[in-house]
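A.B. asks: Only the shape, not the letters, is given here:
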């Protein structure tokens with residue numbers, strides 16, 4: 001199995017795609033300057049939520065923020 005076939009490599013590619021950055025971007029030190037660090041923190045916090053109820057509460061709150069900003 002090559003390095004690009006490992007599940008963690010696919011996960012990193014998926015996250016990079018969601019964030020709209022290259023995989024290299026996670027390793028080049030530019031994260032703090034472009035807001036990607038905030039996205040990474042959101043993903044980290046999301047992974048710490050243990051229950052489906054907690055995730056639903058977080059999504060409801062985030063959707064509310066988005067609705068407010070689109071007005």
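C.D. replies: That came in fine, so what should we check first? All figures in this text were calculated on a predicted structure; none of them were measured in a lab.
A.B. asks: Around residue 65, how many other residues sit close by?
C.D. replies: Residue 65 has 9 neighbouring residues, counting by other C-beta atoms under 10 Å. The C-beta positions use only the backbone N, C-alpha and C, and glycine is treated the same way.
A.B. asks: Which helix or which strand is home to it?
C.D. replies: helix 52-70 (DSSP states H and E).
A.B. asks: where are the low-confidence patches of the protein?
C.D. replies: Where the chain drops to pLDDT under 70, the residues are 1-5, 29-35.
A.B. asks: Grab the most central residue of it for me.
C.D. replies: Of all residues in the chain, the one closest to the mean position by C-alpha atoms, centre = their mean is residue 43, 4.0 Å from it.
A.B. asks: Tell me where the chain has helices.
C.D. replies: Taking DSSP state H, the helices of the chain run over residues 7-19, 36-48, 52-70.
A.B. asks: Give me the contact list for the first one.
C.D. replies: It stands for helix 7-19. Helix 7-19 is contacted from outside by 3, 22, 23, 25, 26, 36, 39, 43, using C-beta atoms under 8 Å, 6 or more residues apart in numbering.
A.B. asks: Report the two of these separated the most.
C.D. replies: 3 and 39 (24.2 Å; C-beta to C-beta).
A.B. asks: neighbour-wise, which of these two wins?
C.D. replies: Comparing residue 3 with residue 39 by other C-beta under 10 Å, the one with more neighbours is residue 39, at 16 against 7.
A.B. asks: what's the burial count for the residue lying closest to the more buried one once chain neighbours are set aside?
C.D. replies: Once flanking residues are discounted, residue 39 sits nearest to residue 19: 5.3 Å by C-beta to C-beta, 6 or more residues apart in numbering. Residue 19 has 17 neighbouring residues, counting by other C-beta under 10 Å.
A.B. asks: Also residue 13?
C.D. replies: Applying other C-beta under 10 Å, we find 13 residues neighbouring residue 13.
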